[in-house]
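Student: pasting the sequence and the predicted model now:
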Amino acid sequence: MMDNVWNVQGVLRHVHEAQVMTLLFPLMSKVLVIDMRTNERDGPFFEVDDVVGGPRERVRSLQRWRPRFPAPENIAFGQWWSSVKALAEAGALEDLAGRLERLGSDGAKARLDRAYRQLLACEREELLALIHGDPERTRPVWPRT
């Protein structure tokens with residue numbers, strides 16, 4: 001089982017506890033950026049983004065997206081080697097929704113749902129590219145004749 005290859009529970013713990021986290025989906029080269037910090041004007045933030053060159057670049061992107069917040073002191077990092085749907089099945093989305101409810105942040109659940117739907121769409125697009133053999137992104141599973 002894949003639990004033996006990568007630490008699912010460790011990733012889920014970060015999702016449950018971290019203030020700022022990037023969750024990498026390596027099979028489609030996308031990242032879910034989760035920023036649970038709040039202030040009087042801004043609630044939690046969720047963004048689906050491409051992989052960046054490193055931690056400094058990620059901090060810069062967070063500062064562009066969230067200019068009213070200081071640079072985060074640390075960012076938790078996790079890799080999700082399963083499907084996007086498995087993230088919901090593992091309870092991660094439910095944990096995040098519970099945190100949002102405790103924060104009482106208006107509209108944050110809708111932003112989380114939008115990011116989840118965007119990840120599902122990216123995954124579907126990646127699978128179709130794999131099946132069709134999009135020469136820009138992958139090789140075909142079997143050659144066309």
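Tutor: Yep, that arrived.
Student: and the most centrally placed residue in the chain, what's its pLDDT?
Tutor: The residue lying closest to the centre of the chain (C-alpha atoms, centre = their mean) is residue 32, at 1.8 Å. Residue 32 is assigned 95 on the pLDDT scale.
Student: what does residue 71 give?
Tutor: Per-residue pLDDT puts residue 71 at 92.
Student: quick one, what contacts it?
Tutor: Contacts for residue 71 (C-beta atoms under 8 Å, 6 or more residues apart in numbering) come out as 59, 62, 63. The C-beta positions use only the backbone N, C-alpha and C, and glycine is treated the same way.
Student: do the same with residue 62
Tutor: Applying C-beta under 8 Å, 6+ apart, we find residue 62 in contact with 20, 33, 35, 69, 71, 72, 75.
Student: can you spell out which helices and strands pack onto the longest helix along the chain?
Tutor: When the chain is parsed with DSSP state H, its longest helix is helix 108-132. Counting contacts by 3 or more C-beta pairs under 8 Å, 6 or more residues apart in numbering; DSSP states H and E, helix 108-132 is packed against strand 20-25, strand 30-35, strand 45-50, helix 84-89, helix 92-103.
Student: flag the shaky bits of this protein, pLDDT-wise.
Tutor: Low-confidence segments of the chain, defined by pLDDT under 70: 1-12, 14-15, 137-145.
Student: what lies in contact with the longest helix of the chain?
Tutor: Applying C-beta under 8 Å, 6+ apart, the contact partners of helix 108-132 are 25, 27-28, 30, 32, 43-48, 83-85, 87-88, 93, 96-97, 100-101, 137-138, 140-141.
Student: what's the angle from it to strand 20-25?
Tutor: Comparing the axes of helix 108-132 and strand 20-25 via axes from the mean of the first three to the mean of the last three C-alpha atoms, to 10 degrees yields an angle of 20 degrees.
Student: ok and helix 108-132 relative to helix 92-103, angle-wise?
Tutor: Taking the same axes, to 10 degrees, helix 108-132 and helix 92-103 form an angle of 160 degrees between their directions.
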